[in-house]
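Peer 1: Okay, here's the prediction I keep looking at, along with the sequence it came from:
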Amino acid sequence: MTNPLISTPSIIIAPSLLAANFGRIEKEVKRVSASGAEWIHLDIMDGHFVPNISFGPSVVQTVRSAMSGFLDVHLMCSKPDILLKPFADAGADQITVHVELNDMIDGLIWKIKDLGLKVGLAVNPPTSLTLVRRFLSRIDTLLIMTVNPGFGGQPFIPETITKIQLANRWRNSVPDNVFRIEVDGGITLQRAIECAGAGADTFVSGTALFGQRNLSAAVRNMRRSIANKLKQCSKPVVDTFAASN
Ligand code: DX5
Ligand code: ZN
């Protein structure tokens, strides 16, 4: 059964700061802000959940002071619990935690909501999507990792497409399911189009966007190509996320 209340949400492009030049971070953030991208994606890595370390709340605070857009904070951390408040205070709009943390998820969802933020739940490529199912009515965004997390610039894993399709089927079949489907990792223009065809509406892209001299043109191009793909699939574009904001 198709859920009559849910149409495909509007397209959101979220450049991932990990691919920016950290030697001139404020300029890079302003470049994102001026590009027309709706979100900026901020990857937090703890050197334990993933084999890499990125940055902490103070950098997020710098981003917050340089732009007013939506800050999408992706916690690739083993102990997100102790980090929620610091990132909320730093200006996060949404905090995403990983379903691989199993027993912690119920409490984390409550705490993120309690801080007045949107909730994201991420799932790694080897993890079964069934693990996220019971949380879907309580989250704002399902982040489907399309690479194994930890590093930017990795190639997209094509097997993740079936996961996006399944998530989209679940979203369309249950009235309470109004979450976004976000993809993250190896998202080039071509991969964004494929993911959109499978049901994704929110596109994190680091290397492919920051690798272009003209970030605004790259964002515009990605959005236009995705919209064309959705038109071909005759999917109506309605902004369910804005309505819940
Ligand atoms: C990977 C991160 C991604 C990364 C994406 O662990 O979660 O957000 O920054 O970067 P690209 O687009 O370069 O794969
Ligand atoms: Zn990420």
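Peer 2: Noted; the coordinates are in hand. Numbers count the residues shown, from 1 in each chain. Ligands and ions are numbered 1, 2, ... in the order given.
Peer 1: Helices of this structure, residue ranges please.
Peer 2: 25-34, 57-66, 84-90, 105-114, 130-133, 160-173, 189-198, 207-210, 215-232, 240-244 (DSSP state H).
Peer 1: Need the winner for burial among these.
Peer 2: Across the helices of the chain, averaging neighbours per residue (mean count of other C-beta atoms under 10 Å) puts helix 207-210 on top, at a mean of 22. In this view, the C-beta of every residue, glycine as well, is placed from N, C-alpha and C.
Peer 1: does ligand 2 sit close to that one?
Peer 2: No. For helix 207-210, no contact with ligand 2 is found by C-beta under 5 Å from the ion; the gap never falls below 12.2 Å.
Peer 1: Can you give the distance of that helix from its chain's centre?
Peer 2: 15 Å (C-alpha atoms, centre = their mean, to the nearest Å).
Peer 1: Next: stretch 26-44.
Peer 2: With C-alpha atoms, centre = their mean as the basis, the mean position of stretch 26-44 lies at 13 Å from the chain mean.
Peer 1: Restricting to C-alpha, output that stretch in PDB.
Peer 2: In PDB, the C-alpha atoms belonging to stretch 26-44 read as follows (Å, rounded to 0.1, in the frame of the first residue of the first chain):
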ATOM      1  CA  GLU A  26      35.600  30.200   7.300                       C
ATOM      2  CA  LYS A  27      36.000  31.000   3.600                       C
ATOM      3  CA  GLU A  28      35.000  27.400   2.700                       C
ATOM      4  CA  VAL A  29      31.900  27.600   4.900                       C
ATOM      5  CA  LYS A  30      30.900  30.900   3.300                       C
ATOM      6  CA  ARG A  31      31.400  29.200  -0.100                       C
ATOM      7  CA  VAL A  32      28.900  26.500   1.000                       C
ATOM      8  CA  SER A  33      26.500  29.100   2.300                       C
ATOM      9  CA  ALA A  34      26.600  31.100  -0.900                       C
ATOM     10  CA  SER A  35      26.200  27.900  -3.100                       C
ATOM     11  CA  GLY A  36      22.500  27.400  -2.500                       C
ATOM     12  CA  ALA A  37      23.100  24.100  -0.700                       C
ATOM     13  CA  GLU A  38      20.500  23.600   2.000                       C
ATOM     14  CA  TRP A  39      22.600  21.800   4.500                       C
ATOM     15  CA  ILE A  40      26.300  21.500   5.400                       C
ATOM     16  CA  HIS A  41      27.400  18.000   6.500                       C
ATOM     17  CA  LEU A  42      29.800  17.800   9.400                       C
ATOM     18  CA  ASP A  43      31.600  14.500  10.000                       C
ATOM     19  CA  ILE A  44      32.700  13.800  13.600                       C
END
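Peer 1: any idea of the mean pLDDT for it?
Peer 2: For stretch 26-44, the mean pLDDT works out to 97.
Peer 1: and if you look at stretch 170-185?
Peer 2: 94.
Peer 1: hmm, which helix or strand of the chain has the shakiest average pLDDT?
Peer 2: helix 240-244 (a mean of 44; mean pLDDT, DSSP states H and E).
Peer 1: Contact partners for the residue nearest to the spatial centre of the chain?
Peer 2: The structure's the chain has its C-alpha centroid closest to Glu182; by C-alpha atoms, centre = their mean the separation is 4.5 Å. Glu182 makes contact with 12, 14, 72, 120, 141-144, 200-204 under the criterion C-beta atoms under 8 Å, 6 or more residues apart in numbering.
Peer 1: Bridge partners for the nearest residue to it once chain neighbours are set aside, pull those for me.
Peer 2: Nearest non-adjacent residue to Glu182, counting by C-beta to C-beta, 6 or more residues apart in numbering: Thr202, 3.7 Å away. Counting by DSSP bridges, Thr202 is bridged to Ile12, Glu182.
Peer 1: separation between Thr202 and Gly120?
Peer 2: When C-beta to C-beta, to the nearest Å is applied, the distance between Thr202 and Gly120 equals 10 Å.
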